[in-house]
Structure formats: structure tokens, C-alpha cells
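In: Fold the stuff below for me.
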Amino acid sequence: MPIKNKPLIIEPALALLEYNSIAAGIQCGDAMVKRSVLSIIHAGTVQPGRFLILIGGEVAEVEEALKAGLEVAPDTVRDHVFLPGVHQDVVRALSGGRKPVIQESLGILETSSVPSAILVADAGIKGAEVDLIEVRLADGLDGKGIVLFSGKVSNIEAALELAGAKLKPGQLIRSVVIPQIHEDMTDLLQMNIRFASHMGWDHA
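Out: Numbering: from 1, shown residues only. Predicted structure coming up:
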């Protein structure tokens, strides 16, 4: 039986599927855990009315579960990602962790889906000497993903180029490099990127 509701830990492989049907997502999640023995499974709804399933474990098991998740209701799969050697900083970011300091400059990738944001986070941190500051996903973002990198401008540009090359047409909403970001903006971003939290509107 899979181990459920555990904190994210570093695993050999990670996969995430995004469904545009909640009912189908639950059905596919059931098929996935019946197909494979997984170390991690997290599933639930996100805005706007989508269903996410995150799994982790041995590469072969995750790959087999992913196949099941794609086969049961293929017309409802909005996007998915499979990372057989996921970077530990991506795992940290998905667990809600963030780097405490933004160094020098900031790179931002805005994607149209949760899986594509995880994909670019992994590609950027593996391909260039940058820090992965934060990954924000779906809720409060109309289902989009935001990935923040920091470091030298040249390294950020390399990370964004490598990451952007991994995306399919339509998945990249915007790619931005901000040289020498102002410390006031840095302070705000390091507290929380959600505007509502700064205004006292976010009580979740």
C-alpha cells in the first residue's frame, strides 16, 4: 500500500498530473495507486476547478503509475510532468520552502499550468548556477505557476533560456529578468508573493 499524507522527501522520481475534471482526477488517482507501490501521493483540488495528483517513489513505479493516470481519462489531462531525477531544491520548493535571500538579480517564469512550472523549476536549477527562491502554484494564480530564480544576470538568463526550451507552445506566459532588484521589492517577495497577504485579506 502507498504511504499517504507524508511530507515531501527526496525521491528518485516525481510526477504530477493536472486534470480539468475533479471526478476524473479522483478516478485516475485510484487507478494509479492500484497500479504501483508509491512512497508519496498527494492529491486534491486547486483553483480554478482542477485536480492535481503528485506522486513520488522509485523510477519504474512512478512511471507505471503515470501511465495509469494518463490512460484512464486522457481527455481530462490538462498537463503532466515526469522527473526521474528531480532536483532536491524543487522538492523543497514544493514542500513550501523558500530561499531566505534573493541575491543580486531576479528571474521569473510564469507558466500556464502547475506541471509546466515544476518542469521549468527543475530545468533551471539543474542547468545554471542560480538559486531557486520559490515555486507558487495554482491557488490564487488562476491555475498558473510562478517560478523565481536569483543570482547573476547571466546565470539567470541561462536558466530561463534552458527552462523555456522545455515548454510546449502556449505554456510560457512570460519570462522576465530584473537586474539588481530593489530591496523593497525583495523584502515583499520574501514575505509572500500573494497581494492579499500584505493587505490582511488572506486568512487561510
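In: Pull out the buried positions in the helix or strand hosting Ala159.
Out: Taking DSSP states H and E as the definition, one finds Ala159 inside helix 153-165. Of all the residues in helix 153-165, those buried under the rule 16 or more other Cβ atoms under 10 Å are Asn155, Ile156, Glu157, Ala158, Ala159, Leu160, Leu162, Ala163, Gly164. C-beta: built from backbone N, CA, C; applies to glycine.
In: The helix or strand just after it: which residues count as buried?
Out: Using DSSP H and E, the helix or strand that follows helix 153-165 in sequence is strand 172-178. Neighbour-count burial for strand 172-178 flags Leu172, Ser175, Val177, Ile178 (criterion: 16+ other Cβ under 10 Å).
In: Could you pull up the mean pLDDT of the helix or strand following strand 172-178?
Out: Note on strand 172-178: by DSSP H and E, the next helix or strand toward the C-terminus is helix 183-191. The average pLDDT for helix 183-191 rounds to 77.
In: Assumed Glu64 was part of a strand.
Out: No: Glu64: not assigned to a strand; according to DSSP: H, G, I helix; E, B strand; the rest coil it is helix.
In: distance of it from Ala31?
Out: 11 Å (Cβ to Cβ, to the nearest Å).
In: most centrally placed residue in the protein?
Out: Ile118 (3.1 Å; Cα atoms, centre = their mean).
In: what's near enough to touch it?
Out: Leu14, Leu16, Val81, Leu83, Val90, Leu94, Val135, Leu137, Gly145 (Cβ atoms under 8 Å, 6 or more residues apart in numbering).
In: Out of those, name the ones that lie in strands.
Out: Taking DSSP state E, the ones among the contacts of Ile118 that sit in strands are Leu14, Leu16, Val81, Leu83, Val135, Leu137, Gly145.
In: From Val176, how far off is the closest residue to Ile133 other than its chain neighbours?
Out: Leaving aside its chain neighbours, Ile133 sits nearest to Leu148 (4.0 Å; criterion: Cβ to Cβ, 6 or more residues apart in numbering). For Leu148, the distance to Val176 (Cβ to Cβ) stands at 10 Å.
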